[in-house]
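Colleague: model the structure of this input:
(6 chains)
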Protein chains: 4
Amino acid sequence: MKNNKPKYNQIIEAAVEVIAENGYHASQVSKIAKKAGVADGTIYLYFKNKEDVLISVFTEKMGQFIKRITDSINEKEDVREKLFVLIEMHFRQLSEDRFLAIVTQLELRQSNPDLRQQINKVLRPYLKVIDGVIEEGIQEDVFRSDLNRRLVRQMVFGTLDEVVTNWVMKEHKYDLVEQAPEVHALLTKGLSVS
Amino acid sequence: MKNNKPKYNQIIEAAVEVIAENGYHASQVSKIAKKAGVADGTIYLYFKNKEDVLISVFTEKMGQFIKRITDSINEKEDVREKLFVLIEMHFRQLSEDRFLAIVTQLELRQSNPDLRQQINKVLRPYLKVIDGVIEEGIQEDVFRSDLNRRLVRQMVFGTLDEVVTNWVMKEHKYDLVEQAPEVHALLTKGLSVS
Amino acid sequence: MKNNKPKYNQIIEAAVEVIAENGYHASQVSKIAKKAGVADGTIYLYFKNKEDVLISVFTEKMGQFIKRITDSINEKEDVREKLFVLIEMHFRQLSEDRFLAIVTQLELRQSNPDLRQQINKVLRPYLKVIDGVIEEGIQEDVFRSDLNRRLVRQMVFGTLDEVVTNWVMKEHKYDLVEQAPEVHALLTKGLSVS
Amino acid sequence: MKNNKPKYNQIIEAAVEVIAENGYHASQVSKIAKKAGVADGTIYLYFKNKEDVLISVFTEKMGQFIKRITDSINEKEDVREKLFVLIEMHFRQLSEDRFLAIVTQLELRQSNPDLRQQINKVLRPYLKVIDGVIEEGIQEDVFRSDLNRRLVRQMVFGTLDEVVTNWVMKEHKYDLVEQAPEVHALLTKGLSVS
DNA sequence: CATGAATGAGCGTTCATTCAT
DNA sequence: AATGAATGAACGCTCATTCAT
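Modeller: Numbers count the residues shown, from 1 in each chain, chains lettered A, B, ... in the order given. Below you'll find the model as predicted:
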């Protein structure tokens, strides 16, 4: 179990903060080590290389993120509520963890192809969660049955992602969680009248 | 107007190709200079620094991109058609210009905070175009009047962006332009039945 | 006597194998420790530092090497035979101990000046053995009396060393011990006719 | 022609001196650059990497070394004289170029397998020169015809090499060139009386 | 005696930028 | 305007050595 290795977690937490503060490209290994209170070399006892630190940061954080959303969804019966909870939890978690929001929305996208590949792998379970809600909605005749599942997922994820990115870039000038009902209404009802 | 300086355009075009081919991180100034057929130092006669090259690339390309979409929209009367044309032209242009798609969807996001800031500035006119269509739809009672304009714009742009990004990453396995009708239907009607 | 400490010998043997297998530069202390079945730190209980390990390896191995040659020489009366036995035993031992040959002929020469100094110190007793045979040959009027002892020793050692080094680098393609008679003839009779 | 590039030669000369002074392992690129009076990066305009600098040093220096010996040999008719000239020029050149002697006899032997491979490649033409003299001697019935050419060459080269190495390590306490006649006598007449 | 986690100095190489020509 | 040789700061990673247990 990696998690009870204190240094491992120190490094992960330090990395999140350093990336959030300085951006991906200015996140030197030495800076992360310093913030974690360990020697540079110590990082290489717990991680293969710098990229491995970044992937691990994302994996650890997204793992928790997805787990909390899944748990919340599972508490609901109604598929409309499930979608609402997904949106709200998505916003709430990134709202409450400033560093996580910066790291996931902005900094980790500035990565090389290999790293992006890994990030997408970690993201996939979350996309599966979205797919599950959509599928359930279709089965229950709550969502239209002629929907292209892939496009729906892309609309849902793309919308949430864009809303959060804008909120991060606007430096949190408004409350993100409060956007949930309107976003939910938009996604379910669309733009059109009636 | 810088544009009638032939070397300026040579460098811009070379930069797009180099970034699309090699990715952002492997796009050294010397590589761009070589492809453009100029000396390394020449680039600094036309651009302040490397970042300025990249911003200029994005500005030039997005300028054309937005102009074509605006022109197409202006040919239509019906606001529903305008939204459709916006979606279709968005997909069509990125579909037809492989380099542009790679550069805008993936490579230019791997930039430092300053560069991202600039990219967003260039993107703003496009967001205004989207805002215009939405506003018009609301005025004409085609779109609901209780909509939060910002959120709608984020849904529209977020969805288009995510669809294109996925298409780029899936290595163009399917036809992007063909997705337009369904995306249009999704955005206007939402997920729900009736 | 260090030698009855089992760990000491484990480390020496491990070091020879690691150097022979991986080469001098890839012979990290941790690799030697692992092969010896001890902790990294344990090595520092028996040796001052890494260099000390290497010097000790060479000292131990050359000690045996020289002892065996000396013993063999002492079994012979005739000085021509003594020289022959020296040559043959030199070749035989390096022929039979692949690790020793690699370590002495190639890998330990890739060492820093301090270490080379030490290696030469260890080599000195062997040079004394050669000197002894030469001196005896001169006393017995078997070798010419006008010889510069130092140069003779350098010819003998230089020749043996070069023959073995070439054999190691040619990856043992021919039998080293079989070269002994010809080398002996060359050294005693020289190149010239008559 | 690399040779008229002044920086190329500055770097080569600086490298010889730095290696001779500090030893192979303490010859950092930055130290060579400093001594050459160029920036670190400049070295990489003229050499692929650090190893390439070292190989080039050896190649350049050995090229001159071999050429001078060959030229001197060609001035002689008698094969005994040719061998003598080879020995004398070998000693003379290393005697006159302190740095070259240190670099070739000691420091470049402290190199990794790849580099040694290259060094041997550079050395080969010299071994061919020795082979040529031996062969000529045999053809002219000056040297015995039953000689194993390879072993003879190893004796000649091994002896010269060992004599020079000892001279370098003894810090030039005696005159190297003066050793030539005796070494020549030893190689041609061997150790034995009559 | 023995361990092995932790340390941190050290270095080869890249590449954006400059400037003499 | 154009060149391209030269610059030098910056950084990820290794590994010999230490020391608390």
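
Colleague: immediately after the longest helix along chain A, which helix or strand?
Modeller: Criterion DSSP state H: the longest helix present in chain A is helix A:113-139. Sequence order places helix A:149-169 as the next helix or strand after helix A:113-139, per DSSP states H and E.

Colleague: over that following helix, what's the mean pLDDT, rounded is fine.
Modeller: Averaging pLDDT along helix A:149-169 gives 95.

Colleague: residues of it that come out buried?
Modeller: A:150-169 (16 or more other Cβ atoms under 10 Å in any protein chain shown). Placement of C-beta: from N, CA and C, glycine included.

Colleague: is that helix positioned near chain B?
Modeller: Yes - against chain B, helix A:149-169 shows contacts by Cβ under 8 Å from any Cβ of the partner chain at A:150-152, A:154-155, A:157-163, A:166, A:169.

Colleague: what's the neighbour count on the residue in chain A positioned nearest to chain C?
Modeller: When distances are taken as Cβ to the nearest Cβ, chain A reaches nearest to chain C at A:L45, 12.1 Å away. Using other Cβ atoms under 10 Å in any protein chain shown, A:L45 has 12 neighbouring residues.

Colleague: any idea how far it lies from DNA strand E?
Modeller: According to Cβ to the nearest atom of the strand, to the nearest Å, A:L45 and DNA strand E sit 5 Å apart.

Colleague: which of the helices and strands in chain A ranks last by mean pLDDT?
Modeller: Least confident element among the helices and strands of chain A, by mean pLDDT, DSSP states H and E: helix A:98-105 (a mean of 85).

Colleague: return the residues of chain A in contact with DNA strand F.
Modeller: Contact residues, chain A versus DNA strand F (Cβ under 7 Å from any atom of the strand): A:A26, A:S27, A:Q28, A:V29, A:S30, A:D40, A:G41, A:Y44, A:N49, A:K50, A:E51.

Colleague: what helices or strands is the helix or strand hosting A:A185 leaning on?
Modeller: Assessed by DSSP H and E, A:A185 sits inside helix A:180-189. Packing partners of helix A:180-189 (3 or more Cβ pairs under 8 Å, 6 or more residues apart in numbering or on different chains; DSSP states H and E): helix A:79-96, helix A:149-169, helix B:149-169.

Colleague: tell me where the model's unsure across chain A.
Modeller: A:1-4, A:110-111, A:193-194 (pLDDT under 70).

Colleague: so which of the residues of chain A next to DNA strand F sit within helices?
Modeller: A:V29, A:S30, A:D40, A:G41, A:Y44, A:K50, A:E51.

Colleague: ChimeraX command for the buried members of those residues?
Modeller: Entered in ChimeraX, the line below selects the buried ones among these, by 16+ other Cβ under 10 Å:
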select /A:29,50
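
Colleague: between which two of the ones in helices among the residues of chain A next to DNA strand F is the distance greatest?
Modeller: With Cβ to Cβ as the measure, no two of those lie farther apart than A:G41 and A:E51, at 17.0 Å.

Colleague: just send the ones in helices among the residues of chain A next to DNA strand F back as CSV, with distance to B:N22 too.
Modeller: Formatted as CSV, these follow (distance: Cβ to Cβ, whole Å):
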residue, distance to B:N22
A:V29, 25
A:S30, 28
A:D40, 30
A:G41, 32
A:Y44, 29
A:K50, 21
A:E51, 18
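
Colleague: restrict the ones in helices among the residues of chain A next to DNA strand F to contacts with chain B.
Modeller: Among these, proximity to chain B is found for none (Cβ under 8 Å from any Cβ).

Colleague: between the ones in helices among the residues of chain A next to DNA strand F, which is nearest C:Y126?
Modeller: A:G41 (41.5 Å).

Colleague: residues contacting the closest one?
Modeller: For A:G41, the contact set (Cβ atoms under 8 Å, 6 or more residues apart in numbering or on different chains) is empty.

Colleague: the same query, at a cut-off of 10 Å, please.
Modeller: A:V29, A:A33 (Cβ atoms under 10 Å, 6 or more residues apart in numbering or on different chains).
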